[in-house]
Structure formats: structure tokens, C-alpha cells
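*Asks:* sequence-free structure coming up:
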């Protein structure tokens, strides 16, 4: 029997996304509807898909660096930086470095796939 204070682990497995990055969900469980936490990894030379979420998101850069675009504003990020992305705001990040760009993604309330909106035209 699971303890009511425990959010069961689904394992820490990284998976590729259509957003052009890799995600490891550290915390995303219905028992914690107020928050989720994931680690994202973007390969060198890759720009993630322009998108918006129906939740507020904060990136905390752990390794690497690049250019982030939030609501049309572009600026450089590096390890230790954090960026707040308001709900519904366009965003993407470009790894223009030589090593993987790794950052935490804190969402409030928790991330749900149906809250993700691509803002790019479909590729043909």
C-alpha cells in the first residue's frame, strides 16, 4: 500500500520529445497537482520548438548555455540563471554551444501534455 504523502516513481527515464529535446520527469503526479519538475536536455546546435504552455514555467540552467526567447525577447542564459515564463507566453531555447544544454523545468500548476501548444507551422 502506498503512503498518502508519497508520489510513486515511474522511474527516471529520459525520453525524446517532438519539441526537439530530451525530458526526464522528476516529479509529475496527480497527487501533486500544484507543481511538476523535469530536467530537459538540448543537444548542441538544436533550437526547441516555439511553443506555449497553459501553466507558469521556470527554467533553471544547470549546464551549457544558449539563447532563450520568451514572448519575443531573446537573451543569453548560462548555468545558475533562472527564467520565469508566464502562462501562455511563447518560448523556445537555442543551444548555440558545444555541449548539452541542461536545465530544470518547474511548472505551476503541474505540466500536462494537453496544455502544450505548438506555435510553429507543421513541417512538410
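*Replies:* Nice, I can see it. Values in this document were obtained by computation on a predicted structure and should not be read as measured data. Numbers count the residues shown, from 1 in each chain.

*Asks:* switch to C-alpha atoms for all contacts and neighbour counts from now on
*Replies:* OK.

*Asks:* can you give me the end-to-end distance of stretch 47-56?
*Replies:* End-to-end distance of stretch 47-56: 21 Å, with C-alpha to C-alpha, to the nearest Å as the criterion.

*Asks:* so what's residue 36 up against?
*Replies:* 26, 27, 28, 29, 105, 106, 107, 108, 109, 110, 111 (C-alpha atoms under 8 Å, 6 or more residues apart in numbering).

*Asks:* quick check: bridge partners of the residue most central in space within the chain?
*Replies:* For the chain, the residue nearest the mean C-alpha position is residue 105 (4.4 Å; C-alpha atoms, centre = their mean). Residue 105 has these beta-bridge partners by DSSP bridges: residue 38, residue 59.

*Asks:* look up how far residue 61 lies from it.
*Replies:* In this view, residue 105 and residue 61 are 9 Å apart by C-alpha to C-alpha.

*Asks:* thought residue 109 was touching residue 37?
*Replies:* No: Residue 109 lies out of contact with residue 37 (C-alpha atoms under 8 Å); the separation is 10.3 Å.

*Asks:* who's more crowded, the two?
*Replies:* Each of residue 109 and residue 37 has its neighbours counted (other C-alpha atoms under 10 Å); residue 37 has more, 21 against 16.

*Asks:* that'll do, ta.
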